[in-house]
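Asker: sequence first, predicted model second:
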Amino acid sequence: MSTYVFKGSDKIGSNIYLYSSRSSGSTSLKDWAKSSGIKYGGLEVSTKSVSGLGLIATQELKGTDLLVEVPTDVAVVASSGESNNQVIKALFPASGPSLYESAPWWAQLSLQINFLHKIDSRKSVDEQRTIEMKPWLDSLPNKFSTPIHWNKNELESLQYSHMIEAVKIQSQAWKHEYNKLLEKAGGQSSYFENHISFDAFVWGCEIARSRAFSAKFAGSAFNPGPYAFTLFLVIAYVGLGLGTVEQAANGAGLVFCGSILKDFVLPKLAKTRRYVICPFIDMANHVSCGEKGQVAFEYFSNGYSLAMNGSEILNKDSELFISYGPRSNDQLLQYYGFIENDNPHDVYVMPPLREWNIEAMEKACGREFSTERIQKLDRAGLLGDTSNDDKIEFGTEDDSANRGRGVVLTRANGIDPAVMTAIRALVSSDVEWETAGEAIGNFAAENSGGVENERIARLAVKSALELELVTKPTTIEEDEAIIKKAFSKSKLYLMDENDLMAVRFRLEKKKILQNIINS
C-alpha cells in the first residue's frame, strides 16, 4: 500500500479522492470531443482541477448558459432490456442478447467499457460508422482505492459494521455477476476471460458507479428517415394513381402514430431508466452536498447537455462542479472514494431494534419492558429483520441499502419516526398502554403516550446511542487529533490514505450519534 504525505492543507474537510490521477492528456481529449460531435463553449477540460482533470471556465458563465452537448451516439448507455450487439457478438455469441439484457446496469456498462478498452476502441454507431473512443478511455482513472479494495484491518478501522457489511455484499455481488457471465461465455480460457479478467470487470463497474447519470425517460433519438420515406410513398401512391389522397393520408397517419408511440410514448409510460456515461460531461467533479452544483444535467431524445442552473455566476478560470445528489457518506465513500464533512444527507444505521441492549435501556429508564409488548412489536415487524438466512439477493440498486432493517439515524432529522413509535410503545407502562388502546399506532405522535412516556422513550434512545458511541475503539476527540496531525502545517506526517479516509468517515458517523444524544 502506498503512503502519501499530507502537508499544509488549509481545508481539513477537503475531498481526498481515492483513485489515481486521471490522464493529463486534456489536449487530445478536447480534439477528440470536437471530432466526435461534442459541442461545448465557455469551458475546457483542464489539469487545473485539484482532482486532476476537471471542467474549467474560460469565460464568465451565468444564467442558463448551455455549456456542453453530447450526441447520444457518443454516450455509453445501459438500460434494462436494451441490447448492445457489438458487445454481445464478441463476448456472448452463443447465448444471445438475453444474458446481457438481464445483467444489472453497472455490469452492462462495465462490459461496454471493457470491450472498448480491451478489444476494440471503436464504438459502433451503425453498420457504416464508428467513433474512436481511445482518447476518452485514456482520460479515465486507471485504478481505484475505494473500500472494496481495502484489507480487513482497513475496513475494521471504519468502526461501522453497516458499511463493512455493505462492502462485503458489493464484493460478493460483483463476483457473482462476473462468474455468471463467465460461465455463459464459455468458462475459463474463453475469449471472455482472456480479454476481461475479474479485476478488469471490477474496474469497469467502478467507472460505471462513479460516472454514470440516470434518466427516467429513455425515448429513441429522433430519426427523420421513416417520416421522409413515408412522405415519399404517399406522393408516389397518389401520383401513380394507386389510390386516393384520403387512403394515402390514413396509411401515413398510422405510420407516424406508430413511430411516435414506439420512440417516445411507450418508453415514457414504461418509466424505463437509462444509465448514461457522457464523455466530456463526466469530467465535471462533485461539489459539496451542502451546496448546489453550478450546472444541471439534462437528457433529450438526441443527446445530453450540461447547462448553468441559473443560481450563480461562475468566474473565468474557476472550476465548474456538478452535484451527485443527496448521497450519504456511505454511498460517497463506497462508490466515489471520498466523504463530505457535515454532510446534511449523511446517516447512521444502528443495528435492528431487536439487537439493542434491552437490559441497559431498562436500567437507564428505571422501568421493566413488557414481554407482551416486545412480542407485539416483533409481530408488527418493528424490531428489524427476523431472518437468519444468509442468502443475499444480488443485483439490487444500492449495495449500501439497509437490508437488515436497522434503525436509521439522519443528520437532518434524527431517529426514524417509525422507530420512535415502537420505542414509545416499548417503554410504556400498563396504564399508558391501556390509555393508548393497546395499539402501537397510537404512539406515533410526540407525547401521544403522555409527557412521562415521551421522556422515558427519549431516555431509552439516548442510552442506546451512548452505548453505541462508547463501544467505539476511539473517541471523537482522538479522531479529531489524528486528522489535525495528518493535516498539520508544522511538520510532515506520513499516513496511509485509506487509514486517513477511514478516520474521517468514522468521525462523521460519531458526530451524528453525538448530535442526536445532545438534542
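Answerer: Received the coordinates, thanks.
Asker: check the gap between Gln331 and Gly381 for me.
Answerer: 25 Å (Cβ to Cβ, to the nearest Å). In this view, the C-beta of every residue, glycine as well, is placed from N, C-alpha and C.
Asker: neighbour-wise, which of these two wins?
Answerer: Gln331 (22 against 12; other Cβ atoms under 10 Å).
Asker: give me the element that one is part of.
Answerer: Element membership of Gln331, judged by DSSP states H and E, is helix 329-331.
Asker: what packs against that helix?
Answerer: helix 161-184, helix 497-518 (3 or more Cβ pairs under 8 Å, 6 or more residues apart in numbering; DSSP states H and E).
Asker: next one: the last one to chain centre, how far?
Answerer: Relative to the centre of its chain, helix 497-518 is centred 21 Å away, using Cα atoms, centre = their mean, to the nearest Å.
Asker: tell me what that helix is packed against?
Answerer: helix 152-156, helix 329-331, strand 347-350, strand 407-410, helix 451-470, helix 476-486.
Asker: buried sites along it?
Answerer: Along helix 497-518, these residues count as buried under the neighbour rule (16 or more other Cβ atoms under 10 Å): 497-513, 516.
Asker: and stretch 102-113, how far out from the chain middle?
Answerer: Centroid separation between stretch 102-113 and its chain, computed with Cα atoms, centre = their mean, is 15 Å.
Asker: which parts of that stretch are buried?
Answerer: Those would be Ala103, Pro104, Trp105, Trp106, Ala107, Gln108, Leu109, Ser110, Leu111, Gln112, Ile113, for stretch 102-113 by 16+ other Cβ under 10 Å.
Asker: isn't Gly449 up against Arg458?
Answerer: No: look at Gly449 against Arg458 with Cβ atoms under 8 Å: they stay out of range, at 11.6 Å.
Asker: settle it for me: which of these two has more neighbours?
Answerer: The neighbour count for Gly449 versus Arg458, taken as other Cβ under 10 Å, is higher for Gly449 (24 against 18).
Asker: residue contacts, the more buried one?
Answerer: Remark: with contacts taken as Cβ atoms under 8 Å, 6 or more residues apart in numbering, Gly449 is in contact with Arg424, Ala425, Ser428, Glu432, Thr435, Ala436, Asn442, Phe443, Ala457.
Asker: now with 6 Å?
Answerer: Going by Cβ atoms under 6 Å, 6 or more residues apart in numbering, Gly449 touches Arg424, Ser428, Glu432, Ala436, Phe443.
Asker: element containing the third one, please.
Answerer: For Glu432, the element it lies in under DSSP H and E is helix 430-435.
Asker: coming back round to it: could the buried residues of stretch 102-113 go into JSON lines alongside pLDDT, distance to Gly414 and secondary structure?
Answerer: Output for the buried residues of stretch 102-113, formatted as JSON lines (pLDDT from 0 to 100; distance: Cβ to Cβ, whole Å; DSSP: H, G, I helix; E, B strand; the rest coil):
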{"residue": "Ala103", "pLDDT": "92", "distance to Gly414": "39", "secondary structure": "coil"}
{"residue": "Pro104", "pLDDT": "92", "distance to Gly414": "33", "secondary structure": "coil"}
{"residue": "Trp105", "pLDDT": "93", "distance to Gly414": "33", "secondary structure": "helix"}
{"residue": "Trp106", "pLDDT": "95", "distance to Gly414": "33", "secondary structure": "helix"}
{"residue": "Ala107", "pLDDT": "95", "distance to Gly414": "37", "secondary structure": "helix"}
{"residue": "Gln108", "pLDDT": "94", "distance to Gly414": "39", "secondary structure": "helix"}
{"residue": "Leu109", "pLDDT": "96", "distance to Gly414": "37", "secondary structure": "helix"}
{"residue": "Ser110", "pLDDT": "97", "distance to Gly414": "38", "secondary structure": "helix"}
{"residue": "Leu111", "pLDDT": "96", "distance to Gly414": "42", "secondary structure": "helix"}
{"residue": "Gln112", "pLDDT": "96", "distance to Gly414": "42", "secondary structure": "helix"}
{"residue": "Ile113", "pLDDT": "97", "distance to Gly414": "41", "secondary structure": "helix"}
